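J.: I need the structure of the sequence given here:
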Amino acid sequence: MSIHKNYAVFGLGRYGMAVAKELVRSGAEVLAVDIDEAIVNASVSELPDCRCADVTDSEVIRSLGIAGMDVVIIAMASNLEVGVLATTLCKEMGVKTVIAKCANEMHRRILLRVGADQVVFPEKESGTRLAKNLLSAGFVDMMDLTDDVSLLELEVRPEWEGKSLMELNLRRRYSINVVAWRRDGDVQVAIDPEQPLEAGMRLIVIANTAKLGKLK
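T.: Take a look at the predicted model:
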């Protein structure tokens, strides 16, 4: 996913606001929605396209232009019924990726069953981290170690297959340092720089956050 996609965030609690603000801060086009008018009014200074609406109403969803969104984040874990209805409506309207916040494992299973493409537990993944993962190019996962340094996991690209880390020289080309790789659930930290990379491998790397654009 990238900054050039269109995003919508339903629910402007702490988690939803963190996602929306990080996306906006990075220059993405974001539609932010909440049913509470007071919350919407308080958020417009930070979220340019912020609207008060009921996302369980199919006509409202249609009028918001949700069918044209690439990604919708449904950040209303406290109300399973709203999450289920919003997820179902978004998928029915053709939204490519629906990410729903859940409160527990049972909710996660229900949301996946009704069509959510990804379900997140807020206590395990911050809204800011989710936004950064959405904006990253080909990263499987990403977290900040400091304000300037990130730890991320990325899939071996087709053009890297059959080549070793020594041949690729990723440190020089992309300013990243490979610290381990993962394959079939196993993590290998004793890396042989001359071993050819294979499809299905994921590299765990440390990078300067400001230079991640080189990977896009």
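J.: Let me see the ranges of the strands in this structure.
T.: Using DSSP state E, the strands of the chain run over residues 6-10, 29-34, 50-52, 71-74, 97-101, 118-120, 139-144, 149-155, 176-183, 186-188, 202-208.
J.: rank those strands by pLDDT, which is bottom?
T.: Sorting the strands of the chain by mean pLDDT places strand 139-144 lowest, at a mean of 53.
J.: OK, contacts around the residue lying farthest from the centre of the chain?
T.: In the chain, the residue that sits farthest from the middle, by Cα atoms, centre = their mean, is E194; the gap is 32.8 Å. Listed by Cβ atoms under 8 Å, 6 or more residues apart in numbering, the contact partners of E194 are 164-166. From N, CA and C alone the C-beta is placed, and that goes for glycine too.
J.: got it, and D54?
T.: Counting by Cβ under 8 Å, 6+ apart, D54 touches 35, 60.
J.: ok, it to D117 distance?
T.: Between D54 and D117 the distance is 23 Å, computed by Cβ to Cβ, to the nearest Å.
J.: Same question for S58.
T.: 20 Å.
J.: closest to R109 out of the strands of the chain?
T.: Proximity to R109 (Cβ to Cβ) singles out strand 118-120 among those, at 8.5 Å.
J.: Could you list every helix and strand that that closest one packs against?
T.: With contacts defined as 3 or more Cβ pairs under 8 Å, 6 or more residues apart in numbering; DSSP states H and E, strand 118-120 has these neighbours: strand 97-101, helix 105-113.
J.: winner for burial among those?
T.: A comparison of the helices and strands packed on strand 118-120 by mean neighbour count, using mean count of other Cβ atoms under 10 Å, puts strand 97-101 on top with a mean of 25.
J.: Please state the offset of that strand from the chain centre?
T.: With Cα atoms, centre = their mean, to the nearest Å as the basis, strand 97-101 stands 9 Å off its chain's centre.
J.: Each with direction, which strands does that strand pair with?
T.: Strand pairing for strand 97-101, determined by DSSP bridges: strand 71-74 (parallel), strand 118-120 (parallel).
J.: what's that strand in contact with?
T.: 1, 11, 15-16, 70-77, 83, 86-87, 90-91, 111, 115-122, 130.
J.: Test my guess that E153 contacts L203.
T.: Yes - the pair E153 / L203 is scored as a contact, 7.1 Å apart, by Cβ atoms under 8 Å.
J.: thinking again about what came up before, mind giving me JSON lines with the contacts of E194 and columns for neighbour count, pLDDT and distance to A207?
T.: Converted to JSON lines, these look like this (neighbours: other Cβ atoms under 10 Å; pLDDT from 0 to 100; distance: Cβ to Cβ, whole Å):
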{"residue": "S164", "neighbour count": "15", "pLDDT": "91", "distance to A207": "19"}
{"residue": "L165", "neighbour count": "19", "pLDDT": "90", "distance to A207": "15"}
{"residue": "M166", "neighbour count": "11", "pLDDT": "90", "distance to A207": "19"}
